[in-house]
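1. Fold the following and give me the result.
(2 chains)
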Amino acid sequence: MSGPDIVSAPEQPPLDLDALYRDSHVGETLDALDRELVGLVPVKTRVREIAALLLVERLRRTLGLGLDAGAPSLHMSFTGNPGTGKTTVALRMAALLHSLGYVRKGHLVAVTRDDLVGQYIGHTAPKTKEVLKKAMGGVLFIDEAYYLYRPENERDYGQEAIEILLQVMENQRDDLVVILAGYRDRMERFFQSNPGLSSRIAHHIDFPDYSGDELFAIAQLMLDRMQYRLSDDAALALRQYIALRRTRPHFANARSVRNALDRARLRQAKRLFESRGEPLSRDALMTIEAADIRASRVFGNGDEK
Amino acid sequence: MKLTQGTFSFLPDLTDEQVVAQIEYCLKNGWAVSIEYTDDPHPRNSYWDMYGAPMFDLRDAAGIMGEVQSCRATFPNCYVKVNAFDSTHGVESLRLSFIVNRPKDEPGFALVREEAAGRQIRYTTRAYATDKPEGARY
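-> Next up is the predicted model:
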């Protein structure tokens, strides 16, 4: 920030980045991100960088230093395997950008190809524009964005949607932020065939897979939120379950963990139901036992899908 | 003659900033905003043409303002108004309606006298603009 022309204005009061940081409540959003999302170090680092950039940019602008570099482009692409938290981070991003004053309303509009691309000639443009209008002042999250482009069909209307999207991304940067999300390899191919789109996206953020420990921590967080807890045996069983489940096909990181927990709840309820007649404590209602987890097919019991 | 109609008929024309503020107010109240245009300035003409569909579920005025701009660009010599419709049960009508674009020249209205039975005089007004066919008026 220290160029020669700034130093020549000595009567300026010292700039208080700290006060701005406190007033904008950015810290709270970032802390919540840290607390509620396990792992994802590269993602969190990038989010912090963006927050810092926007704070500094605001300081440069508001204090009348005549330093206006223009609003930075904040369109992003989130790539990563299923269940790595892309949608969750996008939601947080909307709140963060709102508290930094980059977007005016801070809502998230999540869409897929069906919401943007029409079914007949002349249907696509109004549909895409409608969605864009709804996302103005907030964040437009396009999940599985690579479906927009279908190279095998040259008359596909997806290209039209991409063109409208490009135009708005370029000309109305202050009005909305576009986040494209999808699996890594397919997004890369998508960007290769749409270089215009790739170059208009400033932040390509990659979501790494979770480690076994991180998945266990995520499970703990989920259980806390649902007011369940694991017995010691169950915790061990869950660790083993996660290790086994990761090696199996269709593993979807946190989403698989959530599904596993939902099924464990199901079995716990069944177990409690079958032991009717015995007195039931509040503790028993909250506790998931090892048997509830070990009954899973992953352990080779074959009782469920 | 400057035509005035609607909610802010007693005020000078709103600037774009003021229009945005009004639209924000409408959205804050959950009203659906629509845009209409016409080249028939008669005050009793309630059938204006719709420019696009009414816009529901919007959060920010930028989207509507974009539509206003594109309507002005398409029909620079027409009257354009912004309407806000309140769908609350029991209300179900326009809450707000104001002109955001007008032709450069507004020739105004003629007073027409009609002699009726018994030499009685009936008065009405007729817009000079409507002498010409639709689409060629301004």
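2. what's the first-to-last distance across stretch A:198-213?
-> 34 Å (Cα to Cα, to the nearest Å).
3. which parts of stretch A:209-229 are buried?
-> A:210, A:214-216, A:218-219, A:221-223, A:228 (16 or more other Cβ atoms under 10 Å in any protein chain shown). In short, each C-beta sits where N, CA and C put it, glycine included.
4. and what of stretch B:65-79?
-> So, applying 16+ other Cβ under 10 Å, buried residues of stretch B:65-79: B:65-68, B:71-72, B:75, B:78-79.
5. ok so, going back, out of the buried residues of stretch A:209-229, which are inside helices?
-> A:214-216, A:218-219, A:221-223 (DSSP state H).
6. Out of these, which two are the most distant from each other?
-> With distances taken as Cβ to Cβ, the most widely separated pair in those is A:Glu214 and A:Leu223, at 15.0 Å.
7. now the helices for the stretch 201-305 of chain A?
-> A:212-226, A:232-246, A:253-274, A:282-286, A:290-294 (DSSP state H, counting those that start in this stretch).
8. And the residue of chain B closest to chain A?
-> B:Asp60 (2.7 Å; Cβ to the nearest Cβ).
9. count of neighbours near the nearest residue to that residue once chain neighbours are set aside?
-> By the measure of Cβ to Cβ, 6 or more residues apart in numbering or on different chains, the closest residue to B:Asp60 outside its immediate chain neighbours is A:Gly137, 2.7 Å from it. By the criterion of other Cβ atoms under 10 Å in any protein chain shown, A:Gly137 has 23 neighbours.
10. Next: A:Tyr147.
-> 17.
11. what sits against it?
-> A:112-113, A:158 (Cβ atoms under 8 Å, 6 or more residues apart in numbering or on different chains).
12. Contact residues of chain B facing chain A?
-> B:52, B:55, B:57-64, B:66-67 (Cβ under 8 Å from any Cβ of the partner chain).
13. B:Glu17: how many residues sit nearby?
-> Neighbours of B:Glu17 (other Cβ under 10 Å): 8.
14. Do a quick rundown of the strands in chain B.
-> Remark: strands assigned in chain B by DSSP state E are B:32-38, B:49-50, B:79-86, B:93-101, B:109-115, B:121-127.
15. Dump those to CSV, plus mean pLDDT.
-> Below are the strands of chain B laid out as CSV (pLDDT from 0 to 100):
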stretch, mean pLDDT
strand B:32-38, 96
strand B:49-50, 96
strand B:79-86, 95
strand B:93-101, 94
strand B:109-115, 94
strand B:121-127, 94
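16. With distance to A:Met286 as extra columns, can I get those in JSON lines?
-> Output for the strands of chain B, formatted as JSON lines (distance: least, Cβ to Cβ, whole Å):
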{"stretch": "strand B:32-38", "distance to A:Met286": "47"}
{"stretch": "strand B:49-50", "distance to A:Met286": "57"}
{"stretch": "strand B:79-86", "distance to A:Met286": "47"}
{"stretch": "strand B:93-101", "distance to A:Met286": "51"}
{"stretch": "strand B:109-115", "distance to A:Met286": "78"}
{"stretch": "strand B:121-127", "distance to A:Met286": "76"}
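17. Skipping adjacent residues, who's closest to residue 36 in space?
-> Since no chain was named, I'll use chain A. With Cβ to Cβ, 6+ apart as the criterion, A:Glu36 has its nearest non-adjacent residue at 7.0 Å, and that residue is A:Leu221.
18. Oops, wrong one, chain B.
-> Closest to B:Glu36 by Cβ to Cβ, 6+ apart is B:Trp48, at 3.8 Å.
19. Please verify my assumption that that neighbour contacts B:Lys81.
-> Yes - contact criterion Cβ atoms under 8 Å: B:Trp48 and B:Lys81 qualify, at 6.8 Å.
20. Residues in contact with both of these two, list them for me.
-> With Cβ under 8 Å, 6+ apart, B:Trp48 and B:Lys81 have common neighbours B:36-37.
21. So for the two, which sits in the more crowded spot?
-> B:Lys81 (22 against 19).
22. Next one: the more buried one from B:Pro41, what distance?
-> 11 Å (Cβ to Cβ, to the nearest Å).
23. Give me the pLDDT value at A:Ala161.
-> The model reports A:Ala161 with a pLDDT of 92.
24. what's the helix or strand for it?
-> helix A:158-171 (DSSP states H and E).
25. returning to that earlier point: go through the buried residues of stretch B:65-79 and name the one nearest A:Gly27.
-> Once Cβ to Cβ is applied, the member of the buried residues of stretch B:65-79 that ends up nearest A:Gly27 is B:Met65, at 33.4 Å.
26. residues touching the closest one, list them.
-> B:Met65 neighbours (Cβ under 8 Å, 6+ apart): B:16, B:19-20, B:23.
27. run the last query once more with 10 Å
-> A:136, A:175, B:16, B:19-20, B:23-24, B:82, B:100 (Cβ atoms under 10 Å, 6 or more residues apart in numbering or on different chains).
28. Show me the beta-bridge partners of the residue most central in space within chain B.
-> In chain B, the C-alpha nearest the mean C-alpha coordinate belongs to B:Lys81, at 3.5 Å (Cα atoms, centre = their mean). Beta-bridge pairing for B:Lys81 (DSSP bridges): B:Glu36, B:Ile99.
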